[in-house]
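>>> Fold the stuff below for me.
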Amino acid sequence: MRVSFFFITFLVCRLVYAQDFKDVSPFLKNVQPDSIRSHIKFLSDDRLKGRMPGTPEYQIAMAYVISRYKNMGLVPAGENQTYLQTVKLRRAKVDESGTRAVFVSESTSKDLVFGDDYVLYPNFEEKNVDVTAPLVFAGYGISEPEFGYDDYAGIDVKGKIVVVVAGAPDKFASTVKAHAMNKTTRLKTALEKGAVGVILRGSPMGLQSQVHGIVNTGSVEATDNMLSGLSFYGSISQPIFNTMLNMSADEVSKLLLSLKEGTPASFELKSSFQAILTSSYHDFESYNIVGMIKGSDKVLKDEYVVYSAHLDHVGIGTPVKGDSIYNGAHDNASGVACVLEVARLYSSLKQKPKRSILAMMVTGEEMGLIGSSYFASHPTVPKEKIVANVNMDMPTLIAPLLSIVPLGALHSSLINPVKSAAAYMGIDVENDPEPEQNRFTRSDQYSFVQQGIPALHIKYGDKTNEPGQKLTDKVKVWRAQYYHQPQDEFAEGNFDFEAAKKYVQLCFLIGHQVAQDKKRPSWNEGDLFGKKFGTKK
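Predicted structure coming up:
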């Protein structure tokens with residue numbers, strides 16, 4: 001009897017959802033896996049050399065996208081009646097010969113060895129930095145008093161250098177943890193508290209990539225993302241960290257366990273640190289690409305739902321198995337292809353949605369969400385008119401799409417259209433099976449969240465059609481072989497194009513509901529991101 005009740009309930013729900021989608025459901029069958037295939041194949045071809053921003057090959061990828069926008073009839077929504085938004089980039093490199101670090105305790109002064117004991121990362125605004133200041137240990141460097149945790153409570157870090165460790169308390173939810181331990185969040189928090197520098201305890205694997213100096217890339221114009229006022233950011237080895245804290249390895253382990261359990265432990269170190277840093281710069285330009293499907297409602301057409309994917313990848317790098325071109329077929333030619341197919345669906349609708357749709361390909365995601373961060377803070381449409389972002393980054397189309405994780409949607413009313421669309425398509429909605437991956441803050445939807453705009457990123461769930469198997473187990477094997485490797489290239493056996501079709505249909509239905517609803521999406525009452533960022537103008 002119970003089985004019958006749930007079966008009937010399921011049928012009723014399906015009928016309700018079918019009614020909700022009756023105007024657009026006939027168009028869903030028009031999603032073309034062959035179109036998705038051809039987009040991925042072109043964008044990940046060796047001739048595009050990994051689509052590095054600032055290269056002729058990135059320009060070829062841009063031209064490809066723009067030609068598709070024109071063919072579909074998308075209206076230019078970039079700058080000056082074009083499809084483009086210029087993003088000025090700065091690649092900064094540390095000059096090791098002009099870089100020095102000195103640790104001074106009550107009893108000794110020690111010159112540290114670059115690459116072994118410490119690294120300093122480039123300063124995007126000041127070519128030459130020379131700062132000496134007292135050291136303060138500030139736990140994780142997290143200040144979230146609304147969650148009952150504040151590493152800065154009871155300590156004064158004004159004019160000082162904070163020493164922190166990576167991580168966050170176990171009690172934080174996965175998205176909150178990802179936000180709190182995000183590098184930019186940690187640095188901005190230190191800056192807001194008055195610190196002049198931040199030192200992070202390095203990975204147990206040691207300090208990496210030091211032979212040729214450290215290179216970072218950022219936006220020249222988005223100074224809020226460059227942490228203006230913070231003199232330096234660096235990492236130190238674990239032995240130097242232990243020396244700074246004047247603790248044995250066992251004592252440090254106990255301290256870190258206490259932090260993990262949610263008990264802050266911050267204190268002055270009675271020592272100081274001198275950082276001398278020289279940076280060199282190379283400035284260049286790249287571009288976001290923005291096309292629009294105009295809405296049909298005379299009022300709501302001036303509001304926007306943004307679909308986004310990053311067009312860039314990492315270019316040419318260290319050879320692996322004789323191949324040095326990092327093609328980025330999954331990451332993120334697949335996401336670009338899916339946004340193009342979503343845009344084609346919208347352009348084919350006889351009755352366009354009430355709100356306008358922006359299809360946007362961003363640059364510099366692999367360099368630190370630069371393109372999306374610049375657009376979200378300097379959009380080509382009024383910022384207050386952007387109601388939501390649906391981000392499509394590396395959907396990992398390697399198996400049937402049976403369940404999904406809507407990263408970020410649980411923080412706002414966006415979870416409702418996600419559930420409706422998923423139920424209509426018979427797809428399960430799950431909690432994040434890989435919270436340790438911090439996926440919420442690692443892609444472009446996070447740039448919109450930081451500007452107070454509800455956003456989500458649909459990723460794969462754990463469900464498979466193989467009894468006892470979890471998709472994440474398969475993905476872990478796949479990730480080790482393909483993620484950010486030259487082997488992430490187009491091959492028929494590397495993609496499940498039926499999964500791609502379902503992914504496009506799902507993302508289309510989610511955004512279409514938002515575009516049709518008279519009420520714009522809102523943050524949940526009391527939500528961290530709603531309180532922190534609100535709706536910025």
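>>> could you pull out the helices for the stretch 201-350 of the chain?
Applying DSSP state H, counting those that start in this stretch to the stretch 201-350 of the chain gives helices spanning 238-245, 249-260, 334-348.
>>> Buried deepest among these, which one?
Of these, the one with the most neighbours on average (mean count of other C-beta atoms under 10 Å) is helix 334-348, at a mean of 25. C-beta: built from backbone N, CA, C; applies to glycine.
>>> who does that one touch, helix- and strand-wise?
The helices and strands touching helix 334-348, judged by 3 or more C-beta pairs under 8 Å, 6 or more residues apart in numbering; DSSP states H and E, are helix 25-28, helix 33-43, helix 56-72, strand 266-293, strand 304-310, strand 356-362, helix 497-516.
>>> could I get the helices of the stretch 201-350 of the chain as CSV with mean pLDDT and distance to residue 378?
Output for the helices of the stretch 201-350 of the chain, formatted as CSV (pLDDT from 0 to 100; distance: least, C-beta to C-beta, whole Å):
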stretch, mean pLDDT, distance to residue 378
helix 238-245, 94, 38
helix 249-260, 94, 37
helix 334-348, 98, 21
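>>> In a markdown table: those, plus distance to residue 287.
Formatted as a markdown table, the helices of the stretch 201-350 of the chain follow (distance: least, C-beta to C-beta, whole Å):
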| stretch | distance to residue 287 |
| --- | --- |
| helix 238-245 | 41 |
| helix 249-260 | 42 |
| helix 334-348 | 14 |
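>>> With respect to residue 377, which of the ones you listed lies nearest?
helix 334-348 (21.0 Å; C-beta to C-beta).
>>> Mind listing what's buried along stretch 491-498?
By 16 or more other C-beta atoms under 10 Å, the buried positions in stretch 491-498 come out as 494-497.
>>> likewise stretch 109-117?
Neighbour counts over stretch 109-117 (16+ other C-beta under 10 Å) mark 112, 114-115, 117 as buried.
>>> Count the neighbours of residue 534 for me.
The local packing count at residue 534 equals 11, with neighbours defined by other C-beta atoms under 10 Å.
>>> Spatially nearest residue to it (excluding sequence neighbours)?
Take residue 534 and drop its neighbours on the chain: the residue closest to it by C-beta to C-beta, 6 or more residues apart in numbering is residue 452, 4.8 Å away.
>>> tell me the domain ranges of this structure?
The chain resolves into domains spanning 33-73+294-532, 92-282 when parsed by automatic domain parsing.
>>> Need the distance between the two termini of the longest one.
This means domain 33-73+294-532. Domain 33-73+294-532 has an end-to-end distance of 40 Å (C-alpha to C-alpha, to the nearest Å).
>>> That domain: how far from the chain's middle?
Relative to its chain's centre, domain 33-73+294-532 lies at 11 Å (C-alpha atoms, centre = their mean, to the nearest Å).
>>> Then the shortest one?
The gap between the average C-alpha position of domain 92-282 and the chain average comes to 21 Å, counting by C-alpha atoms, centre = their mean.
>>> who's residue 291 bridged to?
Beta-bridge pairing of residue 291 under DSSP bridges involves residue 76, residue 359.
>>> Spatially central residue for this protein, please.
When C-alpha atoms, centre = their mean is applied to the chain, the residue found nearest the centroid is residue 443 (1.7 Å).
>>> Contacts for stretch 240-259 next, please.
With contacts defined as C-beta atoms under 8 Å, 6 or more residues apart in numbering, stretch 240-259 is touched by 103, 105, 110, 112, 117-118, 135, 137, 139-140, 163, 165, 167, 169, 201-202, 236, 265, 269, 271.
>>> Filter these down to just the buried residues.
Buried by 16+ other C-beta under 10 Å: 103, 112, 117-118, 135, 137, 139-140, 163, 165, 167, 169, 201-202, 236, 269, 271, out of the contacts of stretch 240-259.
>>> Isn't residue 285 up against residue 87?
Yes. If you go by C-beta atoms under 8 Å, residue 285 and residue 87 touch, sitting 6.9 Å apart.
>>> what about residue 375, how many neighbours?
For residue 375, the count of nearby residues is 30 (other C-beta under 10 Å).
>>> sec struct for it, please.
helix (DSSP: H, G, I helix; E, B strand; the rest coil).
>>> Look up how far residue 367 lies from it.
Distance of residue 375 to residue 367, computed by C-beta to C-beta, to the nearest Å: 14 Å.
>>> one step back: of the helices of the stretch 201-350 of the chain, which is nearest residue 414?
Of the helices of the stretch 201-350 of the chain, nearest to residue 414 by C-beta to C-beta is helix 334-348, at 16.2 Å.
>>> and the buried residues of stretch 491-498, which two are the farthest apart?
Counting by C-beta to C-beta, the most remote pair of these is 494 and 497, 10.6 Å apart.
>>> what are the ranges of the helices in the stretch 51-200 of the chain?
Along the stretch 51-200 of the chain, the segments classed as helices by DSSP H, counting those that start in this stretch run 56-72, 174-180, 183-192.
>>> on that earlier part again, do you know which of the helices of the stretch 201-350 of the chain lies nearest residue 289?
Closest to residue 289 of the helices of the stretch 201-350 of the chain is helix 334-348 (C-beta to C-beta; 9.6 Å).
>>> for the stretch 101-250 of the chain, what spans make up the strands?
Per DSSP state E, counting those that start in this stretch, the stretch 101-250 of the chain carries strands over the ranges 109-111, 118-120, 128-138, 143-144, 149-150, 161-164, 197-201, 215-219, 232-236.
>>> need the least confident one among those strands, by mean pLDDT.
Mean pLDDT is lowest for strand 215-219 out of the strands of the stretch 101-250 of the chain, coming in at a mean of 69.
>>> Just the buried positions in that strand, please.
By 16+ other C-beta under 10 Å, the buried positions in strand 215-219 come out as 216-219.
>>> what does stretch 175-195 give?
By 16+ other C-beta under 10 Å, the buried positions in stretch 175-195 come out as 175-182, 184-191, 193, 195.
>>> Kindly provide the whole-number mean pLDDT of that stretch.
Averaged across stretch 175-195, pLDDT comes to 90.
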